[in-house]
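Chemist: The sequence and its predicted three-dimensional model are supplied below.
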Amino acid sequence: MKKISLGLLITLLIVMTSCANENGNEIREINPEHNNKMQGEITFWHSFTQGPRKEFLENRAQNFMKKHPDVSIKIESFSWDNFYTKWTTGYTSGQVPDVSSALPNHVVEMIDADALIPLNDVIDNIGRDRFYDKALSEGTVDGKNYSIPIYTHAQVMWYRKDLLKEANLEVPETWDELYEAAIKLTNNTNTYGLSVPMGTDDMMATRFLNYYVRSAGDKLLKNGRANLTSPAAIDGINYWVKMYQATSPKGSINYNVLDQATLFYQGNTAFDFNSGFQISGVETNSPQLLDQIDAAPIPKVNKSDEKQGIETSNTPIVVWKNSNHPEIAKAFVESLFEKEEYIKFLHAVPAGMLPSLKDINKEPEYMDNETIQNFDHAVDVINSEVKKGTAIGMEEEPFPEAGILTNQGIIENMFQEIIVSGIPIEEAAEKAEKKLNRIFDTY
């Protein structure tokens, strides 16, 4: 993967800102005898801003410092949007942390900027075979692992059991079945079959189009080039325009991820696509509906089609090359995976954060959680999807173009032009594809 200069990075910022495991091995406890003479301060940036997750990381840092009295860990938290701006602007001036959370599409940009150090040794200490291969591959270049997934989840289809039962409908298995069910469950009050989000400050329309294209066995990114004019992509664009017009609130043309999820949280949509975080959202907003939601796999084009991996999100931790104390940074990262504490972290958002370590799924301590037990079917569906999917655009390898694909709002603008301006679908798709490829060429 080619490295980029700071000058080019600044240009790009201007452009881009608009138990036993499955192999039968025994579980390895992480209790390494790190050098007790470690000394120095490290900074840890993370985007786990919700209370329980934030508190867990603060406690882990405190415990680490108790074991290593000459170590100081400074923690700062940022929303995901703010984090992206923080690291990209900070990198040009050397103002980056020692350790941070990230998203897979962030990591490929960080690798391309030569901003990270490999973590092969940390992964080997934790147990390489405990991780899903696809999760590690998203941060791997030339055999060097630049990120460690701390938790995982996957996109699945959420639905209201009570509404389907009242309408005498089965859970949809194909896109056509979903369309017909969504129409029947859309009424003139405040219930919509399915909302279709297209806000340009988010990647939701890209995500929805990816669902359809991946289910058809195609990809939005092929060999590092945008692929919006293939038959599967054109069919997908047509499908979501049709669904928007028939079953979605008109305001969803400007929805972001929170706007979209809130409709389902509050009981105003019969279907939605999300991860297991959907459970905590419904529990907070409409606890009376909690026993009426469940998850199913992403629909197929035809029932007989081979099941495809769709979208898995493996949330990673990275160590920055600018760190003055990489040995401390690595030891702290490794400490996050100590079994008892790691399970506590996962239980901060039960069924939302699934283990990135395969063997933890079988641990009694992990399973001993009311939410995980009550939603065992949904968790099984998500875990099945986790094994097959990747981040959007990373089906072949960790292309840095995948970050541009999801961060630029070009697909979202394409949908808005089709719906608001009446531009023909094929014309709009070709225009968006060329625009993305021009940016890729600049990159």
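Modeler: On my side now, so go ahead. Numbers count the residues shown, from 1 in each chain.
Chemist: if I pick Lys370, what's in contact with it?
Modeler: For residue 370 the amino acid is Glu, not Lys. Taking C-beta atoms under 8 Å, 6 or more residues apart in numbering, we find Glu370 in contact with Pro350. In short, each C-beta sits where N, CA and C put it, glycine included.
Chemist: Just the pLDDT for it.
Modeler: If you check Glu370, the pLDDT there is 97.
Chemist: And it, how far from Lys161?
Modeler: 19 Å (C-beta to C-beta, to the nearest Å).
Chemist: Next: Ala295.
Modeler: From Ala295 to Lys161 the distance is 11 Å (C-beta to C-beta).
Chemist: How about Asp218?
Modeler: From Asp218 to Lys161 the distance is 32 Å (C-beta to C-beta).
Chemist: if you count what's nearby, which of those two comes out ahead?
Modeler: Neighbour totals were compared for Asp218 and Lys161, and Asp218 leads with 19 against 13 (other C-beta atoms under 10 Å).
Chemist: Quick check, pLDDT for Ser18.
Modeler: On the pLDDT scale, Ser18 gets 36.
Chemist: ditto for the one 5 residues further on
Modeler: The model reports Asn23 with a pLDDT of 36.
Chemist: got it, and Ser47?
Modeler: Here, the pLDDT recorded for Ser47 equals 91.
Chemist: now swap in Thr92 and tell me
Modeler: Per-residue pLDDT puts Thr92 at 86.
Chemist: Is it within a helix or a strand, and which one?
Modeler: Using DSSP states H and E, Thr92 maps to helix 80-93.
Chemist: so what does that helix touch, helix or strand wise?
Modeler: Contacts defined by 3 or more C-beta pairs under 8 Å, 6 or more residues apart in numbering; DSSP states H and E place helix 80-93 against helix 6-16, strand 40-46, strand 99-101, helix 104-112.
Chemist: quick one: strands adjacent to the second one?
Modeler: The strands beside strand 40-46 in its sheet (DSSP bridges) come out as strand 71-77 (parallel), strand 99-101 (parallel).
Chemist: I am assuming Leu99 contacts Val319, so please confirm or correct that.
Modeler: If you look again at residue 99, you'll see it is Val, not Leu. Yes: with contacts counted by C-beta atoms under 8 Å, Val99 reaches Val319, the gap being 5.6 Å.
Chemist: higher neighbour count, the two?
Modeler: Using other C-beta under 10 Å as the criterion, Val99 and Val319 rank with Val319 on top: 27 against 24.
Chemist: does the more buried one count as helix, strand or coil?
Modeler: Following DSSP: H, G, I helix; E, B strand; the rest coil, the label given to Val319 is strand.
Chemist: and the helix holding Thr92, C-alpha only, in CSV?
Modeler: C-alpha atoms of helix 80-93 as CSV (Å, rounded to 0.1, in the frame of the first residue of the first chain):
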residue,chain,number,x,y,z
TRP,A,80,-17.1,9.1,16.1
ASP,A,81,-17.5,12.2,13.8
ASN,A,82,-15.4,14.4,16.0
PHE,A,83,-12.8,11.6,16.3
TYR,A,84,-12.3,11.4,12.6
THR,A,85,-11.8,15.2,12.4
LYS,A,86,-9.5,15.1,15.5
TRP,A,87,-7.1,12.5,14.2
THR,A,88,-6.9,13.7,10.6
THR,A,89,-6.2,17.3,11.6
GLY,A,90,-4.0,16.2,14.5
TYR,A,91,-1.9,13.9,12.4
THR,A,92,-0.5,16.7,10.3
SER,A,93,0.8,18.4,13.5
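Chemist: Now do it against strand 71-77: the angle between them, please.
Modeler: 130 degrees (axes from the mean of the first three to the mean of the last three C-alpha atoms, to 10 degrees).
Chemist: Start the count at 590 instead of 1 going forward.
Modeler: All set: I'll call the first residue 590, so the last point we hit is now helix 669-682.
Chemist: gap between helix 669-682 and the chain center?
Modeler: Distance of helix 669-682 from the chain centroid (C-alpha atoms, centre = their mean, to the nearest Å) equals 19 Å.
Chemist: before we move on, what about stretch 780-797?
Modeler: 16 Å.
Chemist: mind checking the end-to-end distance for that stretch?
Modeler: Start-to-end span of stretch 780-797 (C-alpha to C-alpha, to the nearest Å) is 20 Å.
Chemist: List the buried residues in it.
Modeler: By 16 or more other C-beta atoms under 10 Å, the buried positions in stretch 780-797 come out as 781-789, 791-797.
Chemist: and those, which two are the farthest apart?
Modeler: The two members of the buried residues of stretch 780-797 with the most space between them (C-beta to C-beta) are Gly782 and Thr789, at 23.8 Å.
Chemist: Report the rounded mean pLDDT for the host helix or strand of Lys1023.
Modeler: Assigned by DSSP H and E, Lys1023 belongs to helix 1014-1031. When pLDDT is averaged along helix 1014-1031, the result is 97.
Chemist: and for it, what are the contacting residues?
Modeler: 600-601, 604-605, 813-818, 822-823, 826-827, 830, 990, 993-994, 997, 999-1000, 1002-1003, 1006-1007, 1012.
Chemist: Just the buried positions in the one helix or strand Ser973 maps to, please.
Modeler: Ser973 is part of helix 965-975 when elements are defined by DSSP H and E. For helix 965-975, burial by neighbour count (16+ other C-beta under 10 Å) applies to Ala967, Val968, Val970, Ile971, Asn972, Glu974, Val975.
Chemist: could you give the mean pLDDT of it?
Modeler: Averaged across helix 965-975, pLDDT comes to 95.
Chemist: just checking, what packs against it?
Modeler: Judged by 3+ C-beta pairs under 8 Å, 6+ apart, helix 965-975 is in contact with strand 737-743, strand 745-749, strand 882-885, strand 943-944.
Chemist: Let me have those strands in CSV, extended by mean neighbour count.
Modeler: What follows is the helices and strands packed on helix 965-975, written out as CSV (neighbours: other C-beta atoms under 10 Å):
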stretch, mean neighbour count
strand 737-743, 24
strand 745-749, 24
strand 882-885, 21
strand 943-944, 26
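Chemist: next one: stretch 804-818 to chain centre, how far?
Modeler: When distances are taken as C-alpha atoms, centre = their mean, stretch 804-818 is centred 19 Å away from the chain's centroid.
Chemist: Just the CA trace of that stretch, in CSV.
Modeler: Provided in CSV are the C-alpha atoms of stretch 804-818 (Å, rounded to 0.1, in the frame of the first residue of the first chain):
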residue,chain,number,x,y,z
SER,A,804,-27.1,-9.9,-1.2
ALA,A,805,-27.0,-10.2,-5.0
GLY,A,806,-23.3,-11.3,-4.9
ASP,A,807,-21.9,-8.0,-6.1
LYS,A,808,-19.9,-5.2,-4.4
LEU,A,809,-19.9,-1.4,-4.4
LEU,A,810,-16.1,-1.4,-4.6
LYS,A,811,-14.3,-3.7,-7.1
ASN,A,812,-10.5,-3.6,-7.4
GLY,A,813,-10.5,-0.2,-5.8
ARG,A,814,-13.0,1.3,-8.2
ALA,A,815,-16.6,2.4,-7.6
ASN,A,816,-19.2,0.0,-9.0
LEU,A,817,-22.5,1.8,-9.1
THR,A,818,-23.6,1.0,-12.6
